[in-house]
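1. fold the stuff below for me.
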Amino acid sequence: MRKLLTPNPIEGRENWGIPPEPETECDPILQEKIVHFHSLSKKGVHFNENLLKNKAFRNPHIYNKLVEFVELDEIGSNFDREIFDPYGFPSEAFADQLGKFMNMNIIFSSIRIFDNRPEYDIILSLFQSGSSKENFGGTCRSAATTTVTNTICRA
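-> All right, here's what the predicted structure looks like:
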């Protein structure tokens, strides 16, 4: 059974490219941090719980700020580019582009509801010509005043 569950080796790589265990001693500062957090965990103090209780953590934009602060490459990989290249996908495959596409679909569907009104023909023509939200001058225009919330532009 163990042999069935063991993945096939990677050609030219020993132990699937995992480096051997270091023979040197661990950095004492790092070791101290690990011991400290382990002792806190034993006392029932958990970093994630305290973080979630923090009012500043409730900021919906904190994730983006944290990613920017630590200069994190969100789509990076520990694999060599020959094995897996996360940048090899087209730009449309990433979440930010998918989100823009979904928003455009919502906008287009809301415009189609009101497409026989002349004031929406201008907005429709702007989107069909490839104009982006920056071309709206940062103002917010609503496509409907009914129960359907269809915001054309958020600035």
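2. surely residue 16 is in contact with residue 78?
-> No - using CB atoms under 8 Å, residue 16 is not in contact with residue 78; the gap is 11.4 Å. Using the backbone N, CA and C atoms, a C-beta is placed for each residue, glycine as well.
3. okay, the residue nearest the centre of the chain: pLDDT?
-> Taking CA atoms, centre = their mean, the centroid of the chain lies closest to residue 95, which sits 6.3 Å from it. Looking at residue 95, its pLDDT is 82.
4. how near is it to residue 35?
-> Here residue 95 is placed at a distance of 37 Å from residue 35 (CB to CB, to the nearest Å).
5. and the helices in the protein, which stretches?
-> Taking DSSP state H, the helices of the chain run over residues 2-5, 28-42, 47-53, 62-69, 95-113, 118-128.
6. dump the ones you listed into JSON lines; add distance to residue 22 as well.
-> Formatted as JSON lines, these follow (distance: least, CB to CB, whole Å):
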{"stretch": "helix 2-5", "distance to residue 22": "27"}
{"stretch": "helix 28-42", "distance to residue 22": "12"}
{"stretch": "helix 47-53", "distance to residue 22": "26"}
{"stretch": "helix 62-69", "distance to residue 22": "29"}
{"stretch": "helix 95-113", "distance to residue 22": "36"}
{"stretch": "helix 118-128", "distance to residue 22": "56"}
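7. please name whichever of those is nearest to residue 87.
-> The minimum distance between residue 87 and these falls on helix 95-113, with 13.6 Å, by CB to CB.
8. same for that closest one, what does it pack against?
-> Here helix 95-113 touches helix 118-128, going by 3 or more CB pairs under 8 Å, 6 or more residues apart in numbering; DSSP states H and E.
9. now stretch 8-21, how far from the centre of its chain.
-> With CA atoms, centre = their mean, to the nearest Å as the basis, stretch 8-21 stands 30 Å off its chain's centre.
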